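Student: model this:
(chains A, B, C and D)
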Amino acid sequence: MNKVVKDPAAALEGIQDGMTLMVGGFGLCGIPENSIAQLVQMGTKNLTCISNNAGVDDFGLGLLLQAKQVKKMVSSYVGENDEFERQMLSGELEVELIPQGSLAERCRAGGAGIPAFFTPAGYGTEVAEGKEVRVFNGKPHILENALTADFAIVKAWKGDTEGNLIYKATARNFNPMMAMAGKITIAEVEELVPAGTLDPNQIHTPGIFVQRIFQGEKFEKRIEQRTVRTKQ
Amino acid sequence: MNKVVKDPAAALEGIQDGMTLMVGGFGLCGIPENSIAQLVQMGTKNLTCISNNAGVDDFGLGLLLQAKQVKKMVSSYVGENDEFERQMLSGELEVELIPQGSLAERCRAGGAGIPAFFTPAGYGTEVAEGKEVRVFNGKPHILENALTADFAIVKAWKGDTEGNLIYKATARNFNPMMAMAGKITIAEVEELVPAGTLDPNQIHTPGIFVQRIFQGEKFEKRIEQRTVRTKQ
Amino acid sequence: MALDKTGIAKRIAQELQNGWYVNLGIGIPTLVANYIPEGIEVEFQSENGILGMGPFPFEGEEDPDLINAGKQTITVRAGASFFDSATSFAMIRGQHVQLTVLGAMEVSQNGDIANWKIPGKMVKGMGGAMDLVASAENIIVAMMHSNKAGESKILKACTLPLTGVGCVRKVVTELAVLEIRDGKFHLIERAPGVSVEEIISKTEGDLVVPEFVPEMTL
Amino acid sequence: MALDKTGIAKRIAQELQNGWYVNLGIGIPTLVANYIPEGIEVEFQSENGILGMGPFPFEGEEDPDLINAGKQTITVRAGASFFDSATSFAMIRGQHVQLTVLGAMEVSQNGDIANWKIPGKMVKGMGGAMDLVASAENIIVAMMHSNKAGESKILKACTLPLTGVGCVRKVVTELAVLEIRDGKFHLIERAPGVSVEEIISKTEGDLVVPEFVPEMTL
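Tutor: Predicted structure coming up:
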């Protein structure tokens, strides 16, 4: 079941104005750089982007914000982005903030056919407004719904022609759950190998969740907070 | 954080009459053989066992049934076991049958702090009796609660001294979710290695879910349905 | 002439579409894997936690850690993957598996299915069947038209405890291919040499019979 | 004398118990990792998906694929593991992490905490904080006693949008260690040389002061 497409243009075919996209990554770590660049080039507008963060001003999803392609961001943390703040405060950009664990679990639920679940996160806060509250084991929980997307765009380290994916270190983050929750899931990988090359025991995202896969041309992998120690 | 205990006796210390145990495995594949043998030796009674299957007459959890140590089985499929059938029909053994996917998800939920979730599985059947029904996207779902256990006993292929686990092939099955859902989780492994030996990128169960680990002395790994083809 | 089990499996295999992920139940459904039409590529999922199931192993090459949901020793194809049972049912519940084929004791004309329990006689449990039938967009039931006592299993209403409600779309038996629509069975095809009359006589549920009922080509 | 940030971190490090899994928030909490008492072994979890976090990398050895929840480049210790964010929060929500240390803008005497939003001024988002405070059995807030305008952050009731309700048990500031019990702050320890009077004057919430308030030993 060969799912390889030749380039980002072929991978992103069908993404249209007004669609909902899930975009993998945490901060700038594990983001689908090549697909984001392609989205900018396509100029698709009025997108709803579900992504834990919104990139920085000149990288990651920040590039889509700069180009005013995003109508709404659904995220858990959106600091470190001036253009984002400007658009949000001016009302150009709609923002829905979701606790990070609830965001991860809602994506998984969307992919797993679980329409809703209870979580303690956000009880008693703005996040709980309009949501059902129920007490389990003496502790109040709120009901959260599943999230899905027209397209999910994820980034992996290695992938095979059948769409099986392996992520590297903390670049895994939201990518596996978003891969599950996309009606169509696009994976860009650093290294694309023939089926049978990857150990079936070490696949992070089974190919069933991936519809299209391509090897990215170039990964800049920008570091957001370079922290080091000096050798003693 | 060294979690190694010297033998099954040390691993199972604290398991008492009337407790609820989760036991990993699917059929006879991936079951904690050494711990089950130890449980038989301990003679602990009135156990509630949450396990997808109940073993066969003379292996796996069947050994606990033979010794009449089990008060209640919580499973999805219990065929292939005459002693089980006898005890169940005579009323000696209480049995709660749960759809396999709901069982897996309820264990995961128990480990993940999700007290309840909606699933379509079992709607309109005996399984739904007494459970809340709610329609999502035009489809009726039932509310299922999380499962937890006093002890979870799982079996892995490789494990390290910090409790990180890697399973082999389909012997993974219910083990990862049960490892999450035990108040105390015991892992028996075929090969125990020092921390740092396993690739952090390929851990199936992070050590945080495991409290005690030991290397099993002997694994019989009985095959339930030996099916082969002949070389042409 | 009525089909044998192989014939039923062959007919169901014609339903496979290229690129589908497929879950095959125990019994006749398992046989479907042997008759994949040429030019069609599908991947088999087994709910204990494997995608890309291959054929049975050669004698002596069985791996006790590698089985399918029927507990049979199996092999893997290139591109296979293993995962835990929660992820496995995430695939099923999340409708990533395009087709489920399973056996049944009874099917009713509104698509109900019963296949896990005979009160007072047999309780093996539902295994993954309840999750599969509640979730799959596309469920084909492979079964015999009648039980051993000669009673129809194609019913107005199921008498046994249900596995799922309103979920079955298609039934393939040794006699016929039936579709379930608008609360009725619709006769789509008949087995080679089997008369429409025989099918009608062995079907307890309401059966819509078109003027022309083609024979299956196997 | 009031503690500096390092002092606050050192005092919190005394709360660590052997065998604990610990999640440290951004800012002062991160510093706690530098002062683990001797004989105590703990593992650090970061909610983006890592257990067994090590120190910052040596210059030139940074890996962009290996960061913590503060987006800082890090390293791993022997026995580390990586996982997805859903599994990470399964650990947190399922109370497998024994201690969470995080910063706050305000804490109230019933244990409410606010640290993610200043209406009209700042909305960075809650990140993982709402999950952490709703789940952890053991939450220590590391913060300054007053804000830059000199107003107490130890309040009868929070004025900012909440991150969680009734969840904070302990607060460590540059002046004092406070426990929250029965809807009041309890003064447990004071920073070396800091007077009880100063703490009382800088605490807006109800404060229970025992006859003898020991000084911290750092």
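
Student: hey, let's count contacts and neighbours off CA atoms from now on
Tutor: OK.

Student: what's the closest non-adjacent residue to whichever residue of chain A sits closest to chain B?
Tutor: Residue nearest to chain B within chain A (Cα to the nearest Cα): A:Phe117, separated by 4.1 Å. The shortest distance from A:Phe117 to any non-neighbouring residue, by Cα to Cα, 6 or more residues apart in numbering or on different chains, is to B:Phe117 (4.1 Å).

Student: The one you found sits in which helix or strand?
Tutor: Element membership for B:Phe117, per DSSP states H and E: strand B:116-119.

Student: shouldn't the residue nearest to A:Phe117 be in contact with A:Ile114?
Tutor: Yes - the pair B:Phe117 / A:Ile114 is scored as a contact, 6.9 Å apart, by Cα atoms under 8 Å.

Student: what about the residue nearest to A:Phe117, neighbour count?
Tutor: 25 (other Cα atoms under 10 Å in any protein chain shown).

Student: who's in contact with it?
Tutor: Residues near B:Phe117 by Cα atoms under 8 Å, 6 or more residues apart in numbering or on different chains: A:114-118, B:143-145.

Student: let's go with 6 Å and repeat that
Tutor: Listed by Cα atoms under 6 Å, 6 or more residues apart in numbering or on different chains, the contact set of B:Phe117 reads A:116-117, B:143-144.

Student: partners of it in the sheet?
Tutor: A:Phe117, B:Glu144 (DSSP bridges).

Student: List the contacts of the helix-or-strand element of chain A with minimal mean pLDDT.
Tutor: One helix or strand of chain A scores below all others by mean pLDDT, DSSP states H and E: helix A:82-89, with a mean of 86. With contact meaning Cα under 6 Å, 6+ apart, helix A:82-89 is reached by A:Leu93.

Student: What are the buried residues along that helix?
Tutor: In terms of neighbour count (16 or more other Cα atoms under 10 Å in any protein chain shown), helix A:82-89 has its buried residues at A:83-85, A:87-88.

Student: Now tabulate those in JSON lines and tack on distance to D:Leu207.
Tutor: JSON lines is the format used below for these (distance: Cα to Cα, whole Å):
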{"residue": "A:Glu83", "distance to D:Leu207": "43"}
{"residue": "A:Phe84", "distance to D:Leu207": "41"}
{"residue": "A:Glu85", "distance to D:Leu207": "38"}
{"residue": "A:Gln87", "distance to D:Leu207": "43"}
{"residue": "A:Met88", "distance to D:Leu207": "40"}
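
Student: Please work out which residues outside stretch C:87-94 touch it.
Tutor: With contacts defined as Cα under 6 Å, 6+ apart, stretch C:87-94 is touched by A:111-113, B:101, C:47, C:49, C:135.

Student: residues from chain C in reach of chain B?
Tutor: C:48-49, C:56-59, C:64-66, C:71-73, C:82, C:84-86, C:89, C:124-128, C:130-131, C:134, C:162 (Cα under 6 Å from any Cα of the partner chain).

Student: Of these, which belong to strands?
Tutor: C:Phe82 (DSSP state E).

Student: Alongside chain B, which residues does chain A contribute?
Tutor: Counting by Cα under 6 Å from any Cα, the positions of chain A adjacent to chain B are A:114, A:116-119, A:169, A:201.

Student: so which of the residues you listed comes closest to D:Gly150?
Tutor: Among those, A:Thr119 lies closest to D:Gly150 (Cα to Cα), at 36.6 Å.

Student: Can you tell me the closest non-neighbouring residue to that closest one?
Tutor: Of all residues not flanking A:Thr119 in the chain, A:His141 sits nearest, at 5.1 Å (Cα to Cα, 6+ apart).

Student: any idea where the helices of chain C begin and end?
Tutor: Assignment of helices within chain C using DSSP state H yields the ranges C:5-13, C:28-31, C:85-93, C:129-135, C:196-201.

Student: so what pLDDT did A:Gln232 get?
Tutor: As predicted, A:Gln232 sits at a pLDDT of 68.

Student: Pull the most distant pair out of the contacts of B:Phe117.
Tutor: A:Ala116 and B:Glu144 (10.9 Å).

Student: hmm, back to that, list only those of the contacts of B:Phe117 flagged as buried.
Tutor: Using 16+ other Cα under 10 Å, the buried ones in the contacts of B:Phe117 are A:116-117, B:143-144.

Student: The nearest residue to C:Val141 once chain neighbours are set aside: neighbour count?
Tutor: The spatial neighbour of C:Val141 that comes closest, neighbours along the chain excluded (Cα to Cα, 6+ apart), is C:Val171 at 4.7 Å. Around C:Val171 there are 28 other residues, counting by other Cα under 10 Å.

Student: again with C:Gly150
Tutor: Each residue near C:Gly150 was counted by other Cα under 10 Å, and the total is 9.

Student: got it, and C:Lys121?
Tutor: 8.

Student: tell me the pLDDT at the residue of chain C positioned farthest from its centre?
Tutor: What lies farthest from the middle of chain C is C:Gly60; by Cα atoms, centre = their mean that is 30.4 Å. According to the prediction, C:Gly60 has pLDDT 93.

Student: do C:Gly120 as well
Tutor: pLDDT for C:Gly120: 80.

Student: How about the residues of chain A by chain C?
Tutor: Within chain A, the positions adjacent to chain C are A:111-113, A:195-196, A:200-201, A:206 by Cα under 6 Å from any Cα.

Student: Restricted to buried residues, select the residues you listed in PyMOL.
Tutor: Remark: buried members of the residues of chain A next to chain C, expressed as a PyMOL selection using 16+ other Cα under 10 Å:
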select buried, chain A and resi 111+112+113+195+196+200+201+206
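
Student: Cross the residues of chain A next to chain C against helices and list the overlap.
Tutor: Among the residues of chain A next to chain C, DSSP H puts A:111-112 in helices.

Student: how about the least confident helix or strand of chain A as CSV, C-alpha atoms only?
Tutor: Coordinates of the C-alpha atoms in helix A:82-89 are reproduced here as CSV (Å, rounded to 0.1, in the frame of the first residue of the first chain):
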residue,chain,number,x,y,z
ASP,A,82,4.4,39.3,18.6
GLU,A,83,2.4,39.1,15.4
PHE,A,84,0.2,36.6,17.0
GLU,A,85,-0.5,38.9,19.9
ARG,A,86,-1.2,41.8,17.6
GLN,A,87,-3.7,39.9,15.5
MET,A,88,-5.4,38.5,18.6
LEU,A,89,-5.7,41.8,20.4
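
Student: Just give the closest residue to residue 6, not the sequence neighbours.
Tutor: If you meant another chain, say so; for now it's chain A. A:Phe214 (6.3 Å).

Student: ah, no, chain C please
Tutor: The shortest distance from C:Thr6 to any non-neighbouring residue, by Cα to Cα, 6+ apart, is to C:Leu31 (6.9 Å).

Student: again, but for A:Met180
Tutor: Sequence neighbours aside, A:Gly111 is the residue nearest to A:Met180 in space, at 4.4 Å (criterion: Cα to Cα, 6+ apart).
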